[in-house]
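Undergrad: pasted the sequence and its predicted model underneath.
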Amino acid sequence: MISDRSISKLIQETPSLGYKALRQSLAWADLGQRVAILARGSDALRFVDSFTTAALAKLVPGQGTEGFFTDSRGWVLALTNILRIDGSSDSLMGGAELWIDAPLGMATCLREHLEHYHIREQVELIDVSVDRVHILVAGPQAADWLAGHCNQRLPTELLDHHRCTFGGIVVEIVRIDWVGPSGFLLHAAQADRQQLIEWLTAQGVVEATSEAVCTARIEAGLPAPADIPEKTLPQELCRDQRAISFTKGCYLGQETVARIDAMGHVNRQWVAVAIDGMGHPPTDMLVTKAGIVVGRITSACLSPLLGSALGLGLFQTKGLADGGSLEVEGFPARVVEVPLPTVLSAPTDETPSDVESPEQVLLETKRFRVVRVSEACRDGTLREREVVQHPGCVVILPLLSPENICLVEVVRVAVGRTLLELPAGTLDRVESLEAAARRELAEETGYRAGQMTAAGDFWMSPGILRERMHLFVAEDLVAGSQALEPGEQIRTRVVSMKEAIAMCLDGRIDDAKTIIGLLLFATRNQRAMQDDDQ
């Protein structure tokens, strides 16, 4: 095992040229050849929609979505980005309705798969992979810099896109978050590749190597083709909200996806683990707990943001549910949430000037810690910020019936009051989100849930606090006894959903997570009923 100081030095040496620019300013990278399929014709949208988990009919030109393509058994063939374009005839798009984009190796047989089912539909599927170049421009200054060189406004929402001109070159610019929150993908004709690269270089933009981009991708938690083995199910990759519609019409593989949704869980899940004390990590490692293999890491890097090795892979849900320590190649490991916050930490007084400390810890407690980090500003300078790092939390909305829910009255020392809240608890052990939700519900209310459904997640106070809250709806409840921790003062209180909403609106409920959870659930229910009526 190597020392912490040696790890810090390795981390500084490992990210190739451009990594710091990706995190602190601006960088570009040539992503090489990707799968690029154009679908055009009067039936293009309807045809492709019948083979993907995404709801394409709701997209308007200029919007995009992630989407899985699956086989008839529901196994993932490809995780793609599907862009809706206006269908007009131009040199870049060729009058297409859709652009399907994916990393090379993830969808190499996608066109053949779709053509297998193509009979009489008025659709033409054109593989233009060798004719396109894909340039990444990313970093905290990317949006401002691109806005100053673009003849149009930049897209703002993820996978929004439009045609524009940079340096006299026609591109399709797409908003992405593959290597951090501020990123753009420039699709251009292969014939314009050299001119586009020369223009970016002439503007003084730093080039990021493939190693730097890979490190940033892993820190963002994005799966690569190597991370999606055969017989992977869509829900195992934990991208339901981005890539799966559970309300759209029929598509190939839908029966499996719907059955998993009804069951409320999968046997494997996409997980990120920090590996303490390991130097340069290989890309294929087994993860064990008590000597039993619980997962395999298929993407790994030395993470400057985390201060340790970081791996991504699919893990057995049961292997994570019961607590216990993880090991990777003999090194201790722990589950972490991705994407990581994209800030580089400020050095401590004891750190040599040429080596940045992973973080300067100001305070560490059992459930959180306070660290000092450096934030990259738009003008290229850095400023110090204090951040509270929290492992996250699950929030549960227990439905006793369609009309009634169970809330809890909790004595909160921090505010000196008893608050009426949804049951919730900190993610302070190795377990899946669903397992944590079930455990916290049983401990605080005594109820055991027959069905537990993920209903969204949100940040609590992102200006200072890194705490992600994960909302679940609990149904088919069976009453039991509470299992409170020493010092917890919690009483259950059954109220109608109508009354709970009224209390959110008039201030009787003033706990943020409870207001968000109740209003989010009520709004989605109302929208679902309206859709059913239509």
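TA: Sure, I can see it.
Undergrad: what segments of the stretch 151-300 of the chain are strands?
TA: For the stretch 151-300 of the chain, strands defined by DSSP state E, counting those that start in this stretch occupy the ranges 161-166, 169-176, 183-189, 206-207, 268-275, 285-289, 292-303.
Undergrad: so what strands line up beside the longest one?
TA: Applying DSSP bridges to the sheet, strand 292-303 is found paired with strand 285-289 (antiparallel), strand 308-316 (antiparallel).
Undergrad: ok, the shortest one next?
TA: Taking DSSP bridges as the criterion, strand 206-207 pairs within the sheet with strand 27-30 (parallel).
Undergrad: just say helix, strand or coil for Pro45.
TA: Let me fix one detail, which is that residue 45 is Leu and not Pro. Here Leu45 is recorded as helix under DSSP: H, G, I helix; E, B strand; the rest coil.
Undergrad: any idea how far it lies from Gly253?
TA: In this view, Leu45 and Gly253 are 19 Å apart by Cβ to Cβ, to the nearest Å. Where you see a C-beta, it was placed from the backbone N, CA and C, and this is true even at glycine.
Undergrad: and the longest helix along the chain, what's buried?
TA: In the chain, with assignment by DSSP state H, the single longest helix is helix 512-533. Residues 513-518, 521-522 are the ones in helix 512-533 that count as buried (16 or more other Cβ atoms under 10 Å).
Undergrad: likewise stretch 37-49?
TA: Applying a neighbour-count criterion of 16+ other Cβ under 10 Å, one finds 37-41, 43-49 buried in stretch 37-49.
Undergrad: over to stretch 97-104?
TA: 97-103.
Undergrad: now do stretch 189-203
TA: 189, 192-193, 196-197, 199-200.
Undergrad: same question for stretch 263-271.
TA: 264-266, 268-271.
Undergrad: for those, which one is nearest Asp506?
TA: Asp506 has its nearest neighbour among the buried residues of stretch 263-271 in Gly264, at 33.5 Å by Cβ to Cβ.
Undergrad: coming back round to it: would you list the buried residues of stretch 37-49 in a markdown table and tack on distance to Leu441 and pLDDT?
TA: Below are the buried residues of stretch 37-49 laid out as a markdown table (distance: Cβ to Cβ, whole Å; pLDDT from 0 to 100):
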| residue | distance to Leu441 | pLDDT |
| --- | --- | --- |
| Ile37 | 45 | 95 |
| Leu38 | 48 | 94 |
| Ala39 | 45 | 95 |
| Arg40 | 50 | 93 |
| Gly41 | 50 | 93 |
| Asp43 | 47 | 94 |
| Ala44 | 46 | 94 |
| Leu45 | 42 | 94 |
| Arg46 | 42 | 94 |
| Phe47 | 43 | 96 |
| Val48 | 40 | 97 |
| Asp49 | 37 | 96 |
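Undergrad: now the residue in the chain sticking out farthest from the centre: how far from Gly41?
TA: What lies farthest from the middle of the chain is Arg120; by Cα atoms, centre = their mean that is 37.7 Å. Going from Arg120 to Gly41 by Cβ to Cβ gives 11 Å.
Undergrad: same question, His116
TA: From His116 to Gly41 the distance is 17 Å (Cβ to Cβ).
Undergrad: likewise for Val257?
TA: 27 Å.
Undergrad: next: Phe47.
TA: Phe47 is 8 Å from Gly41, by Cβ to Cβ.
Undergrad: now do the shared contacts for those two.
TA: In terms of Cβ atoms under 8 Å, 6 or more residues apart in numbering, Phe47 and Gly41 are both contacted by the residues 121, 123.
Undergrad: contact partners for Pro281?
TA: Contacts of Pro281 (Cβ under 8 Å, 6+ apart): 275, 297, 300-302, 309-311, 328.
Undergrad: now render the strands paired with strand 292-303 as JSON lines, adding mean pLDDT.
TA: Converted to JSON lines, these look like this (pLDDT from 0 to 100):
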{"stretch": "strand 285-289", "mean pLDDT": "94"}
{"stretch": "strand 308-316", "mean pLDDT": "94"}
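Undergrad: to Asn404, which of those strands lies closest?
TA: For Asn404, the closest of the strands paired with strand 292-303 is strand 308-316, at 36.0 Å, according to Cβ to Cβ.
Undergrad: next helix or strand past that closest one?
TA: Following strand 308-316 in sequence order, the next helix or strand is helix 317-321 (DSSP states H and E).
Undergrad: pLDDT on that next one, on average?
TA: Regarding helix 317-321, the rounded mean pLDDT is 79.
Undergrad: from the contact counts, what lies against whichever helix or strand comes after that helix?
TA: Scanning forward in sequence from helix 317-321 by DSSP H and E, the next helix or strand is strand 326-328. Packed against strand 326-328 by the contact rule (3 or more Cβ pairs under 8 Å, 6 or more residues apart in numbering; DSSP states H and E) you find strand 268-275, strand 285-289, strand 331-336.
Undergrad: could you identify which of these is most buried?
TA: For the helices and strands packed on strand 326-328, the largest average neighbour count (mean count of other Cβ atoms under 10 Å) is found in strand 268-275, namely a mean of 23.
Undergrad: partner strands of that one and their direction?
TA: Looking at strand 268-275 with DSSP bridges, its partner strands are strand 308-316 (antiparallel), strand 331-336 (antiparallel).
Undergrad: would you list these in TSV and tack on distance to Cys214?
TA: Output for those, formatted as TSV (distance: least, Cβ to Cβ, whole Å):
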stretch	distance to Cys214
strand 308-316	11
strand 331-336	18
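Undergrad: related to what we said a few turns ago, JSON lines for the buried residues of stretch 37-49, including distance to Thr209?
TA: Below are these laid out as JSON lines (distance: Cβ to Cβ, whole Å):
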{"residue": "Ile37", "distance to Thr209": "28"}
{"residue": "Leu38", "distance to Thr209": "30"}
{"residue": "Ala39", "distance to Thr209": "33"}
{"residue": "Arg40", "distance to Thr209": "36"}
{"residue": "Gly41", "distance to Thr209": "40"}
{"residue": "Asp43", "distance to Thr209": "42"}
{"residue": "Ala44", "distance to Thr209": "37"}
{"residue": "Leu45", "distance to Thr209": "38"}
{"residue": "Arg46", "distance to Thr209": "42"}
{"residue": "Phe47", "distance to Thr209": "39"}
{"residue": "Val48", "distance to Thr209": "34"}
{"residue": "Asp49", "distance to Thr209": "38"}
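Undergrad: tell me the one of those nearest Ser374?
TA: Ile37 (41.8 Å).
Undergrad: dump the C-alpha coordinates for stretch 130-148 into PDB.
TA: Below are the C-alpha coordinates for stretch 130-148, written out as PDB (Å, rounded to 0.1, in the frame of the first residue of the first chain):
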ATOM      1  CA  VAL A 130     -17.300   7.900 -41.100                       C
ATOM      2  CA  ASP A 131     -18.500  11.200 -42.400                       C
ATOM      3  CA  ARG A 132     -18.800  13.000 -39.100                       C
ATOM      4  CA  VAL A 133     -16.400  14.400 -36.500                       C
ATOM      5  CA  HIS A 134     -17.300  15.000 -32.900                       C
ATOM      6  CA  ILE A 135     -15.500  17.700 -30.900                       C
ATOM      7  CA  LEU A 136     -16.000  18.100 -27.100                       C
ATOM      8  CA  VAL A 137     -15.700  21.700 -25.700                       C
ATOM      9  CA  ALA A 138     -16.100  21.700 -21.900                       C
ATOM     10  CA  GLY A 139     -15.200  23.400 -18.700                       C
ATOM     11  CA  PRO A 140     -16.600  26.100 -16.400                       C
ATOM     12  CA  GLN A 141     -15.800  28.800 -19.000                       C
ATOM     13  CA  ALA A 142     -17.100  26.800 -22.000                       C
ATOM     14  CA  ALA A 143     -20.600  28.400 -22.300                       C
ATOM     15  CA  ASP A 144     -19.300  32.000 -22.100                       C
ATOM     16  CA  TRP A 145     -16.400  31.300 -24.500                       C
ATOM     17  CA  LEU A 146     -18.600  29.600 -27.100                       C
ATOM     18  CA  ALA A 147     -21.300  32.300 -26.800                       C
ATOM     19  CA  GLY A 148     -18.700  34.800 -27.800                       C
END
